[in-house]
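Peer 1: kindly return the folded structure for what I paste below:
(4 chains)
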Protein chains: 2
Amino acid sequence: MAGVSVATVSRVINGLPVVSEATCQRVQDAIERLRYVPNSAGRSLVTRRTGTIGLILADITNPFYTEVVRGVELAAGRRGLSVLLYDTAEDSARELKAIELLGSRQVDGVIVCASRLPDDRLALLTKAALPLVFVNRAPTSAAVGTVDVDQETGIRDAVTHLYGLGHRRIAYVGGPPASQVQARRLTAFRAMARQLGLKLPAGYTSNGSPTDGGGREAAHRLLPFPAARRPTAIIAYNDLVAIGIALVAGDLGLTIPDDLSLVGYDDIPFSAFLRPALTTVRQPARELGEQAVAMLVRHLDGSARRRRRLRFAPQLVIRASTTRLNGSATSQGADAGPQRSTPRPLEASSASSQK
Amino acid sequence: MAGVSVATVSRVINGLPVVSEATCQRVQDAIERLRYVPNSAGRSLVTRRTGTIGLILADITNPFYTEVVRGVELAAGRRGLSVLLYDTAEDSARELKAIELLGSRQVDGVIVCASRLPDDRLALLTKAALPLVFVNRAPTSAAVGTVDVDQETGIRDAVTHLYGLGHRRIAYVGGPPASQVQARRLTAFRAMARQLGLKLPAGYTSNGSPTDGGGREAAHRLLPFPAARRPTAIIAYNDLVAIGIALVAGDLGLTIPDDLSLVGYDDIPFSAFLRPALTTVRQPARELGEQAVAMLVRHLDGSARRRRRLRFAPQLVIRASTTRLNGSATSQGADAGPQRSTPRPLEASSASSQK
DNA sequence: TTGAAAGCGCTAACAA
DNA sequence: TTGTTAGCGCTTTCAA
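Peer 2: I've put the predicted structure just below:
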């Protein structure tokens, strides 16, 4: 060493307050001169901390997840943590590999934001005793914390909004059947339909890929229905699916919202860019990410041992893709449903984003 | 141990071919039973390898970068590598922190995909002797490899396309002045304008944020020009900027492409979803990411010591947002420029995506 | 306030 | 084919 010590360097680096002003300076100079950078492997080996958290993501290509990543990155950065990213790309081989890698103590904890990932897959992590925080996922014994959005409220608000606009033939174009989020939304949709006395003919609820492609397929199935059976409004699993539906509707000569009202989910930035701009159920993606990190860190600090659950309310963002049934011009006379459509003054609640 | 050995375990785990069938089995059983997971810190300490690569990104919120990430993730995963993500969020404090963290040997190498990041910032990494691969960035002595897209060709193709459609008043709405990519595109645009004898009045080239917001601002500056001075076509720094411009154009009552032809850059998925669909210069984002990993790995293997540079050709994707000047219906009589607009048969080259 | 020394979990060289 | 052993670079008692 340029100075004259060995363990003292460690103290200086870790800012232990016992070092004298003078030596501290000397060591720092040496560090500077030698361009010394502490080796994190050596450190991890003894501290049993890596300063890194893992993030398992379903599909980084979807702007919703992208925004979650941004939140995680921001919150982690603030705390001096690094983020190891695993985009499973909805591919189960990759899922497995991700989980194996993360299991080998490369990280201090893991945030799981992939609602399709089966619980038993997570078992490996559980066994490694890694702290897990779930995002939009049902808490299990494996989780030290869960951050999610109230899916039921989101669907309820969307249906209520459409119902309030006079729609009675409302379809739900869902996501992957294996997804927990899909399951919750579908159940909520069915319950809501029953409660409002809405009919759900065959095809009015469906599964599919959570992408524009999935939306296209569903639209090709649903929109060619004879006018009297065709839904007058569709709630999509997410904004990507809604975009796919809108595109096919356009190709088929249907005008949104006049011939078809459309509601998305997530409120990705592009929803606002579409013309007509998409009505959608907003999930606070970035906050989800930030709070997941906060929860994980709280656990790592030991400042919170109890299992925690943080639940956000979604927010219905009403834009131009939904309109009153029969209210507009280009209507092809197809929207008058079999049921009386006297729009009731059922308020479309725009739930506050409380935490 | 359940078996009876110690270094043998290491051999089994690393698949060294010297172990006998029997012991191998015994060890594997024990591993299974004990749910043993090797500690990667210990391993890194001796191998001097972490099995992790760092990825510094300008803005993960931009789908272009998102696609680069996807490419990196895929290529890394195939090789059993993990990816440590640093989204600088265009924030220089975060940049610095990212570079410091990466410097501490948490990673075997770094991929830098942030054209705004100043070279001297990278110095820390250079000093740590970390292998660096640049994406869309001028190679420096720091880089062991560079993967980029020929920006000049992209701009040239875009201008040529518009020129061929009869446009003579073409503006370029640029990105951040500090960005290398911006510098290259602007220079190429100017050169091309000179070559074709196009006038570039004040305001016809500008800088701004590489987001829809930047596009909006530029559009508010440019589009209120008197009809005879207003550009008949705009090339935007990227698709996000183009979207911002399109939105403002719509608000101002201008129809795309009839009143204004618009070209984006990147070809993010949403470009195809816009109506009219956006003409844009495609960069092979995913391949950029994949090849960057390949290059880095080649260096880490030692299989390639020489500095490498891989250059992709961009591809002009012609969609509905560009049209022949004066060719269409809704024209407000504003597009007849001062110059004669006899469209010449200058082919819009659609460069093949060779590697 | 500082130094000496042990040991974190692993791999690799050497012996057996 | 397998066991022994010496570190990898760091933190952390324990003494000085």
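
Peer 1: counting contacts, what elements does the helix or strand bottoming out on mean pLDDT in chain A pack onto?
Peer 2: Every helix and strand in chain A was compared by mean pLDDT, DSSP states H and E; the lowest is helix A:123-127, with a mean of 75. Applying 3 or more C-beta pairs under 8 Å, 6 or more residues apart in numbering or on different chains; DSSP states H and E, one finds that helix A:123-127 makes contact with helix A:92-101. Every C-beta, even on glycine, is put in place using the N, C-alpha and C of the backbone.

Peer 1: how about A:Ala218, nearest residue that isn't a chain neighbour?
Peer 2: Spatially, and ignoring its direct neighbours in sequence, A:Ala218 is nearest to A:Val173 (4.2 Å; C-beta to C-beta, 6 or more residues apart in numbering or on different chains).

Peer 1: roughly how far does the one you found sit from A:Asp301?
Peer 2: 43 Å (C-beta to C-beta, to the nearest Å).

Peer 1: near DNA strand D, which residues of chain A? Just list them.
Peer 2: Counting by C-beta under 7 Å from any atom of the strand, the residues of chain A close to DNA strand D are A:6-7, A:9-11, A:13-14, A:38-39, A:41-43, A:45-47.

Peer 1: what about 6 Å?
Peer 2: Proximity of chain A to DNA strand D is assessed by C-beta under 6 Å from any atom of the strand, with A:7, A:10, A:13-14, A:38-39, A:42-43, A:45-47 identified as the residues in range.

Peer 1: any of those residues buried? List them.
Peer 2: Neighbour counting over the residues of chain A next to DNA strand D (16 or more other C-beta atoms under 10 Å in any protein chain shown) leaves A:43, A:45 as the buried ones.

Peer 1: neighbouring contacts of the least confident helix or strand of chain A?
Peer 2: A:99-100, A:102-103, A:110, A:132, A:141-142, B:35 (C-beta atoms under 8 Å, 6 or more residues apart in numbering or on different chains).

Peer 1: try 10 Å
Peer 2: Around helix A:123-127, the neighbours that count as contacts under C-beta atoms under 10 Å, 6 or more residues apart in numbering or on different chains are A:54, A:56, A:96, A:98-100, A:102-103, A:107, A:109-110, A:112, A:119-120, A:130-132, A:140-143, B:35, B:37.

Peer 1: could you dump it to CSV, C-alpha only?
Peer 2: Output in CSV follows, covering the C-alpha atoms of helix A:123-127 (Å, rounded to 0.1, in the frame of the first residue of the first chain):
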residue,chain,number,x,y,z
ALA,A,123,-40.1,-23.0,-5.5
LEU,A,124,-36.4,-23.0,-6.3
LEU,A,125,-36.1,-19.4,-5.1
THR,A,126,-38.1,-20.2,-2.0
LYS,A,127,-35.7,-22.9,-1.2
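
Peer 1: and the helix or strand just after that helix, does that touch chain B?
Peer 2: Secondary structure here is assigned by DSSP states H and E; on that basis, the next helix or strand after helix A:123-127 toward the C-terminus is strand A:132-135. No. Using C-beta under 10 Å from any C-beta of the partner chain as the criterion, no contacts between strand A:132-135 and chain B are found, and the smallest distance is 15.2 Å.

Peer 1: could you please name the strands strand A:132-135 pairs with and the direction of each pair?
Peer 2: Strand A:132-135 has the following strand partners under DSSP bridges: strand A:109-113 (parallel), strand A:143-149 (parallel).

Peer 1: now those strands in CSV, with distance to A:Arg306, mean neighbour count and mean pLDDT?
Peer 2: Output for those, formatted as CSV (distance: least, C-beta to C-beta, whole Å; neighbours: other C-beta atoms under 10 Å in any protein chain shown; pLDDT from 0 to 100):
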stretch, distance to A:Arg306, mean neighbour count, mean pLDDT
strand A:109-113, 16, 26, 95
strand A:143-149, 9, 24, 95
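
Peer 1: mind putting those in TSV, distance to B:Val181 included?
Peer 2: Shown next, in TSV, are the strands paired with strand A:132-135 (distance: least, C-beta to C-beta, whole Å):
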stretch	distance to B:Val181
strand A:109-113	31
strand A:143-149	36
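
Peer 1: for these, which one sits closest to B:Pro210?
Peer 2: Closest approach to B:Pro210 among the strands paired with strand A:132-135 is made by strand A:109-113 (26.5 Å; C-beta to C-beta).

Peer 1: now do A:Gly197 against DNA strand D, distance only.
Peer 2: A:Gly197 sits 64 Å away from DNA strand D when distances are taken as C-beta to the nearest atom of the strand, to the nearest Å.

Peer 1: please report phi then psi for that residue.
Peer 2: In this entry, A:Gly197 is assigned phi and psi values of phi 70, psi 30 (degrees, to the nearest 10).

Peer 1: doesn't A:Val159 make contact with it?
Peer 2: No. Using C-beta atoms under 10 Å, A:Gly197 is not in contact with A:Val159, being 11.9 Å away.

Peer 1: which one of those two has more residues nearby?
Peer 2: The neighbour comparison of A:Gly197 against A:Val159 (other C-beta atoms under 10 Å in any protein chain shown) goes to A:Val159, with 26 against 9.

Peer 1: residues in contact with A:Ile256?
Peer 2: Contacts for A:Ile256 (C-beta under 10 Å, 6+ apart) come out as A:234, A:242, A:245-246, A:249-250, A:262, A:274-276, A:278, A:320-323.

Peer 1: for the residues you listed, work out which two are farthest apart.
Peer 2: Greatest spacing in those, by C-beta to C-beta: A:Ile234 and A:Arg275 (17.8 Å).

Peer 1: compare the two (neighbour count), which wins?
Peer 2: Set side by side, A:Ile234 and A:Arg275 give different neighbour counts by other C-beta under 10 Å, the larger being at A:Ile234 (32 against 14).

Peer 1: buried residues, the host helix or strand of that one. List them.
Peer 2: In the assignment (DSSP H and E), A:Ile234 maps to strand A:233-236. Going by neighbour count (16+ other C-beta under 10 Å), the buried part of strand A:233-236 is A:233-236.

Peer 1: list the strands paired with that strand, with their directions.
Peer 2: As defined by DSSP bridges, the strand partners of strand A:233-236 come to strand A:170-173 (parallel), strand A:261-266 (parallel).

Peer 1: alright, that wraps it up for me.
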